[in-house]
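# how would this look folded up:
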Amino acid sequence: MGKSIRFPVPKFSVACAAAGIILYVVLLIFQGGKWVPVSSLQRASHGEGELLYEVMVRELGEEGREIPVTIPVRDRQYSDEEAKALYDTVLPELTDRILGGNESLEAVRGDLDLVRVLEPYGLTVRWESENAELVDSFGTVVNSGVSEEGETVWLKAVLTDGAHTQEYAIRVTVMPPVLNGDEQLKEKVMEACRRLDTRQKTEKELLLPEEVDGKKLSYYRERDTDYTVIPFLGVLLAFLWAAREKMKEQNAKKQREQFLLLDYSEIVSKFMVFISAGMTIRTAWERIVVGYENTVQEGTRKPRPAYEEM
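Take a look at the predicted model:
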């Protein structure tokens, strides 16, 4: 038999392993095993949501039954005083967060960012607008046609933590968009047309303003009939005609080649007959040509390419 190989185990390693086992046993003895006696369960902070605790319920008495129970614990709610103080604190932050790309609520030219949730306070916000045509409850701003002085819109913010509710009125001044030269002229023409449309609403036609902002204007409409298609039709027709002529040429060439093949055997056969009769090649050639010309002149035969070449 072979000798088994033994690896020496350091004494320090054995001591560490033993210490760990002993410490585990001692903790179990003093803490009463896996389960620790409790009399309360910790709540999560407001807005963090519900917590679930696994608890072992032990019945006191002779039977001493034990049953596992999962107990849900809702997050902590604000007291009345805490809620009021919190709402007053977050109002400045709320007005800053809804600005979007605007510099201040006194000069709103772009859409607002009407937030629905305020983190980390666990508050929700509901918005209402007194003039949804200028600013709706989603923060969309429509400032076309607003005067240079701007127009005031009041937004109502309703804050709630689920138990307490607080309303705030926030003043917003909607200003007209910043336009370049072309955009300004377009806006003025549109405004002038809107005024004339109201005055002429019973007329069959709308007479356009001849002058806007001290400048004479003329107007042009795109033609109802678009003639630009005509040149394209001409090019297309030329292409189709060229393709048609090319196809006719190819067909004629193909037909000529077919007639050449058909006439070749006939001409060779006549040559053989005339030469066998004692004619020379020249005489046989002339005889074939004269016979062909007579049949064409009489109308009994149509021109054929092989004979025409001869």
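
# Okay, strands next: where are they in the stretch 101-250 of the chain?
Using DSSP state E, counting those that start in this stretch, the strands found in the stretch 101-250 of the chain span residues 117-118, 123-129, 151-160, 165-174, 211-212, 215-216.

# now the ones you listed in JSON lines, with distance to residue 268?
C-beta here means a position set from N, CA and C on the backbone, and glycine is covered the same way. Shown next, in JSON lines, are the strands of the stretch 101-250 of the chain (distance: least, C-beta to C-beta, whole Å):
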{"stretch": "strand 117-118", "distance to residue 268": "102"}
{"stretch": "strand 123-129", "distance to residue 268": "103"}
{"stretch": "strand 151-160", "distance to residue 268": "104"}
{"stretch": "strand 165-174", "distance to residue 268": "101"}
{"stretch": "strand 211-212", "distance to residue 268": "93"}
{"stretch": "strand 215-216", "distance to residue 268": "91"}
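
# can you put those in TSV and add mean neighbour count and distance to residue 242?
Below are the strands of the stretch 101-250 of the chain laid out as TSV (neighbours: other C-beta atoms under 10 Å; distance: least, C-beta to C-beta, whole Å):
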stretch	mean neighbour count	distance to residue 242
strand 117-118	14	71
strand 123-129	18	68
strand 151-160	17	67
strand 165-174	16	64
strand 211-212	12	54
strand 215-216	8	52
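
# Next, format these as JSON lines and append distance to residue 85 and mean pLDDT.
JSON lines is the format used below for those (distance: least, C-beta to C-beta, whole Å; pLDDT from 0 to 100):
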{"stretch": "strand 117-118", "distance to residue 85": "15", "mean pLDDT": "89"}
{"stretch": "strand 123-129", "distance to residue 85": "13", "mean pLDDT": "93"}
{"stretch": "strand 151-160", "distance to residue 85": "13", "mean pLDDT": "94"}
{"stretch": "strand 165-174", "distance to residue 85": "11", "mean pLDDT": "93"}
{"stretch": "strand 211-212", "distance to residue 85": "56", "mean pLDDT": "88"}
{"stretch": "strand 215-216", "distance to residue 85": "59", "mean pLDDT": "88"}
